[in-house]
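Chemist: Need a 3D model of the following:
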Amino acid sequence: SNTVAASADAATNTTNDQNNNDNTTSATPNTADDPPLSKKALKRRKRWEKALQIKKRRKEQSKEIRRIKAINEGRNLDAEREQQKKNEKEGKGWERRETLWRERCNKGNIDESFRVCFDCNFEDQMTWKEVNSLSLQLRYAYAMNRKSPMPLHVHVTGVKRDCDTRKHLEKIDGFPDRWAGRAYHVHEESLEDVFGSALSNVLMSKDKDVKQVDD
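Modeler: Coordinates of the predicted model:
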């Protein structure tokens, strides 16, 4: 409709104006323990931070467009929010999600299926950008497994208390307890310590060691 189109145009103009202002944003300073970054590395980090800011703004703009579209469709958003709060208070939403989760786990025979493991015991050999990328990939893996029609048990090993990967993940609501409730297990111990004798063989890839665990 016209209202949605106008909102989208306004959102685009706002993004362009804010993008220009972002050119003055400074990169995140290094901590005392980090080695000094080159000018090229600082530029890359600044572009990455700017991309995150743009992504956040686009998400907010998309949310506003959906709100306007819902109003144009005649939906009562206040009533929908009240119903959602009521369901949350009564635990209906949680019960429904738990029921669906158990059904999908039973369908995939999750306890008898193979398991996936991410060995994160190499953080000391990774750059800041690589650690951040790793934490994002772990979050995507959790989200995909949680929504999968046939989920698996996923284990992430070597995530120590003081490591940067864990600091990134701890920013997410529900980590790690609620993640464990969705078959996503995070361990401080190494892959060998977690699985012990169940660690049957090691397959070599062109980049890293890929370890296959027989349950």
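
Chemist: Please make it C-alpha for all contacts and neighbour counts, starting now.
Modeler: Will do.

Chemist: could you give me the average pLDDT of the helix or strand containing Tyr142?
Modeler: Taking DSSP states H and E as the definition, Tyr142 sits inside helix 128-147. Averaging pLDDT along helix 128-147 gives 93.

Chemist: who does the helix or strand that comes right after that helix pair up with?
Modeler: Remark: after helix 128-147, the chain's next helix or strand is strand 154-157, criterion DSSP H and E. Under the criterion DSSP bridges, strand 154-157 sits next to strand 116-119 (parallel), strand 184-186 (parallel) in its sheet.

Chemist: What residues of strand 154-157 count as buried?
Modeler: By neighbour count on 16 or more other CA atoms under 10 Å, the buried set for strand 154-157 is 154-157.

Chemist: Contacts only, for Gln84.
Modeler: By CA atoms under 8 Å, 6 or more residues apart in numbering, the contact set of Gln84 is empty.

Chemist: Just the buried residues of the helix holding Tyr142, please?
Modeler: Of all the residues in helix 128-147, those buried under the rule 16+ other CA under 10 Å are 131, 134-135, 138, 142, 145-146.

Chemist: Tabulate those (CSV), appending distance to Leu77.
Modeler: Listed next are the buried residues of helix 128-147 as CSV, based on distance: CA to CA, whole Å:
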residue, distance to Leu77
Val131, 40
Leu134, 37
Ser135, 35
Leu138, 34
Tyr142, 30
Asn145, 30
Arg146, 27
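
Chemist: out of those residues, who's nearest Asp78?
Modeler: Ranked by distance to Asp78 (CA to CA), those are led by Arg146 at 29.0 Å.

Chemist: OK, contacts around the closest one?
Modeler: By CA under 8 Å, 6+ apart, the residues touching Arg146 are Arg182.

Chemist: can we see that at 10 Å?
Modeler: Applying CA atoms under 10 Å, 6 or more residues apart in numbering to Arg146 gives the contacts 101, 104, 140, 152, 179, 181-184.

Chemist: residue contacts, the spatially most central residue of the chain?
Modeler: Geometric centre of the chain, nearest residue: Arg139, 2.8 Å, by CA atoms, centre = their mean. Listed by CA under 10 Å, 6+ apart, the contact partners of Arg139 are 133, 145, 168-169, 172.
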